[in-house]
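**Student:** give me coordinates for this.
(2 chains)
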Amino acid sequence: DAKTTQPTSMDCAEGRAANLPCNHSTISGNEYVYWYRQIHSQGPQYIIHGLKNNETNEMASLIITEDRKSSTLILPHATLRDTAVYYCIVPLPDDYKLSFGAGTTVTVRA
Amino acid sequence: DTGVSQDPRHKITKRGQNVTFRCDPISEHNRLYWYRQTLGQGPEFLTYFQNEAQLEKSRLLSDRFSAERPKGSFSTLEIQRTEQGDSAMYLCASSRTVEAFFGQGTRLTVV
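**Tutor:** Residues are numbered from 1 along each chain as shown, chains lettered A, B, ... in the order given. From the prediction side, this is the model:
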């Protein structure tokens, strides 16, 4: 899997956008970027994935740089329930297992 | 509830005992995974099934661990002769395409 680098932690104010960066400078042309999150005492939850175009769903937006060496997950209006560990993962093509790193611990504060 | 179900949610066992966990994936998901997560770490891949075939096993899966998925439906993970180092959260996930759905996990404590 391509190595990913994320900040250890970040705080965000409730109602504001949370921008979570991820570096994946060794990514190959056909490798997707996936984001999962894990709320305390729960299993991980899929958020979004993308290849090279920006993606948006009901949970978040994913912005991938043109050179694909980094990406940003955007939670547009963070709520207290978004407090979780967020994982950026780049698995090998056709390899569906996930290699979770340490992730970014996001704390949303009122 | 049509999510991934794991049983039991919690298990306390004495060192040296055998334990078995069960995972019921989402119906029609042909892929099933087991992961292990220790405190403060991200989940680590253990093994993967496509239908009933176990296609990949991590080096983390010692010979005390065995997993099955009879008939490509539910799966079991057995740990024989448990050790204190086996204490962890054991997570099951299933998928049909790229998006994996995780269960709530089974927390094992070996005393």
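**Student:** thought B:Phe101 was touching A:Pro44?
**Tutor:** No: the criterion here is C-beta atoms under 8 Å, and B:Phe101 misses it with A:Pro44 at 9.3 Å. For the C-beta atoms, the positions are set from N, CA and C on the backbone; glycine is no exception.
**Student:** distance of B:Asn30 from A:Leu73?
**Tutor:** B:Asn30 sits 28 Å away from A:Leu73, going by C-beta to C-beta, to the nearest Å.
**Student:** name the residue in the two with the higher neighbour count.
**Tutor:** The neighbour comparison of B:Asn30 against A:Leu73 (other C-beta atoms under 10 Å in any protein chain shown) goes to A:Leu73, with 25 against 15.
**Student:** what's the closest non-adjacent residue to that one?
**Tutor:** Excluding its sequence neighbours, the residue lying closest to A:Leu73 (C-beta to C-beta, 6 or more residues apart in numbering or on different chains) is A:Leu20, at 4.3 Å.
**Student:** ok, the most centrally placed residue in chain B - contacts?
**Tutor:** What sits nearest the mean C-alpha location of chain B, by C-alpha atoms, centre = their mean, is B:Trp34, with 3.7 Å. Shown in contact with B:Trp34 (C-beta atoms under 8 Å, 6 or more residues apart in numbering or on different chains): B:Cys23, B:Phe45, B:Leu46, B:Thr47, B:Tyr48, B:Ala67, B:Ser75, B:Leu77, B:Tyr90, B:Leu91, B:Cys92.
**Student:** thinking again about what came up before, the residue nearest to A:Leu73: neighbour count?
**Tutor:** A:Leu20: 24 neighbours (other C-beta under 10 Å).
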